[in-house]
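*Asks:* Predicted model, plus sequence, below.
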Amino acid sequence: HDDDLDIELMEEDLPRAQEALGAVGQSFRGGGEWFDSGVPMGRFHFWGSDGRFSESVDVFLRRSPRPLHALAEFPSEEEAFPLVRVPFHNITVPAPGRASSFLSRCYGGSWAEEAVVFSHTSSSRTLLRVALPDYLAAVASAGYKAPAVSSPTCAEESLAAVGLECLGSLRGKLWDSLGWASPFPLEWEETGEGDEAALAMLDLEVRRWTLD
């Protein structure tokens, strides 16, 4: 019913997530609000050694106060908590505790019985509905093999295995390789003190003198 991975966080937990993710966390870019929801969204980016062709994960930020209300495309407090761990390829990941309730509300009761095949990049967004057993048989006959995490305890090793080492600052790498064409533009601090990293990319610096 979807073709990408989404992460949902409480908005106040974003700084902690950014710190935990290191360079990937620093790459977070806000993207306004998801339509008709009032839910802020953004993306964490993952990149290779040349800083180009980065992959990204959508991040949706739920706002306090709690409890969370049910929204058309977002789970309620009762549907989300307590979180449970579910299998995802060869690892387990945290997921809403009552995912079936949310999925039925969001996609309809057939979500567990059929696969809906589409692509976000398709111009027509044509949906192909296939009974789940037929879909699984087609996937098997095509020789598809699910990806596996190289090291369940080391994210860096697993990312490097698919060419997404995420070394250094994505903003800096894109500026070095693409200049003003970078899709990850320079950001400036709102304090008026100047962003030293951004200035350094432009070979500029801030100097101040005291005037009598």
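*Replies:* Ah, there it is.

*Asks:* Would you mind pulling up the elements that the one helix or strand Ala137 maps to packs against?
*Replies:* Ala137 belongs to helix 132-141 when assigned by DSSP states H and E. Helices and strands touching helix 132-141, by 3 or more Cβ pairs under 8 Å, 6 or more residues apart in numbering; DSSP states H and E, are strand 114-117. (Each C-beta comes from the backbone N, C-alpha and C, glycine too.)

*Asks:* how about the strands in the chain?
*Replies:* With DSSP state E as the criterion, the chain has strands at 6-10, 29-34, 39-46, 55-62, 84-88, 91-95, 114-117, 128-131.

*Asks:* give the contact list for Ser64.
*Replies:* Contacts were defined as Cβ atoms under 8 Å, 6 or more residues apart in numbering; by that measure Ser64 touches Met10, Glu11, Glu12.

*Asks:* any idea which of those residues is the one closest to His69?
*Replies:* Among the contacts of Ser64, Met10 lies closest to His69 (Cβ to Cβ), at 13.7 Å.

*Asks:* Tell me how many other residues crowd that closest one.
*Replies:* For Met10, the number of neighbouring residues by other Cβ atoms under 10 Å comes to 14.

*Asks:* Nearest residue to it in space, ignoring adjacent ones along the chain?
*Replies:* Spatial nearest neighbour of Met10, excluding adjacent residues (Cβ to Cβ, 6 or more residues apart in numbering): Arg62 at 5.5 Å.

*Asks:* ok, the spatially most central residue of the chain to Tyr135 distance?
*Replies:* With distances taken as Cα atoms, centre = their mean, the chain has Val57 as the residue nearest its mean C-alpha position (1.9 Å). The spacing between Val57 and Tyr135, counted by Cβ to Cβ, to the nearest Å, is 24 Å.

*Asks:* ok, back up a step: looking at the contacts of Ser64, spot the one nearest Leu174.
*Replies:* With Cβ to Cβ as the yardstick, the closest approach to Leu174 among the contacts of Ser64 comes from Glu11, at 26.2 Å.

*Asks:* on that earlier part again, need the strands of the chain in a markdown table (columns: distance to Ser177 and mean pLDDT).
*Replies:* Conversion of these to a markdown table gives the following (distance: least, Cβ to Cβ, whole Å; pLDDT from 0 to 100):
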| stretch | distance to Ser177 | mean pLDDT |
| --- | --- | --- |
| strand 6-10 | 27 | 92 |
| strand 29-34 | 18 | 89 |
| strand 39-46 | 14 | 93 |
| strand 55-62 | 17 | 93 |
| strand 84-88 | 32 | 92 |
| strand 91-95 | 32 | 89 |
| strand 114-117 | 35 | 86 |
| strand 128-131 | 38 | 88 |
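
*Asks:* Distance to Ser151 added to the ones you listed, as a markdown table?
*Replies:* Supplementary listing: the strands of the chain in a markdown table, determined by distance: least, Cβ to Cβ, whole Å:
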| stretch | distance to Ser151 |
| --- | --- |
| strand 6-10 | 21 |
| strand 29-34 | 27 |
| strand 39-46 | 16 |
| strand 55-62 | 18 |
| strand 84-88 | 15 |
| strand 91-95 | 10 |
| strand 114-117 | 30 |
| strand 128-131 | 34 |
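
*Asks:* Right, I'll call it a day here.
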